[in-house]
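Chemist: Build the 3D model from these lines:
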Amino acid sequence: MKDAILERPVAEFMTPGCIVISEAATVADAARVIADQHIHAVLVVGADNGTPLGWITARGLLGWLGRDRSLAPARDAITEQVTAVDPQERVRIALYALSTAGTTHLLVRRKPHKLPLGVLTDFDLAVALGR
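Modeler: Down below sits the predicted model:
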């Protein structure tokens, strides 16, 4: 039996919105945002134009334990590149993107240089299985 979730649009399963931090912020700032917001990653954007540069993940921050995070720029803690998906794209395509090495978050947006509508992770799809 074919799973109907795979043919539905990403927009139905994404987490709306996206928590971002400027590349001018510090690694300590990024860690604080992740802790305060109870999220697994924060998107780092360019200070001048807001271009998405990459994700700082909770797992990636583990490498900063025992190191000075107060002056290190956030961009130095990026551990995941940005992969984007259109909100109307089928979950099947998003699942493939999430299965590639090093991709745990998909930025959901209509076109490049447009504001993100949300984020899709493996957790979002796992929740969909339980519905």
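
Chemist: and the nearest residue to Phe123 once chain neighbours are set aside, what does it touch?
Modeler: Nearest residue to Phe123 in three dimensions, chain neighbours excluded: His40, at 7.6 Å (Cβ to Cβ, 6 or more residues apart in numbering). (Each C-beta comes from the backbone N, C-alpha and C, glycine too.) Applying Cβ atoms under 8 Å, 6 or more residues apart in numbering, we find His40 in contact with Ile34, Thr57, Ala58, Thr104, His105, Thr121, Phe123.

Chemist: Out of those residues, which sit inside strands?
Modeler: Among the contacts of His40, the members falling in strands (DSSP state E) are Thr57, His105, Thr121.

Chemist: now these in JSON lines, with pLDDT, neighbour count and distance to Ala72?
Modeler: As requested, the ones in strands among the contacts of His40 are arranged in JSON lines below (pLDDT from 0 to 100; neighbours: other Cβ atoms under 10 Å; distance: Cβ to Cβ, whole Å):
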{"residue": "Thr57", "pLDDT": "96", "neighbour count": "20", "distance to Ala72": "16"}
{"residue": "His105", "pLDDT": "95", "neighbour count": "25", "distance to Ala72": "21"}
{"residue": "Thr121", "pLDDT": "94", "neighbour count": "20", "distance to Ala72": "25"}
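
Chemist: Which of those sits closest to Gly46?
Modeler: His105 (17.8 Å; Cβ to Cβ).

Chemist: hang on, the closest one packs against Asp124?
Modeler: No. Shown here, His105 and Asp124 do not form a contact pair, counting by Cβ atoms under 8 Å, at 9.8 Å.

Chemist: And for the top helix by length along the chain, what's in contact with it?
Modeler: In the chain, assigned by DSSP state H, the helix with the most residues is helix 27-37. For helix 27-37, the external contacting residues (Cβ under 8 Å, 6+ apart) are 19, 21, 39-42, 44, 56, 58, 61, 64, 69-70, 72-74, 76-77.
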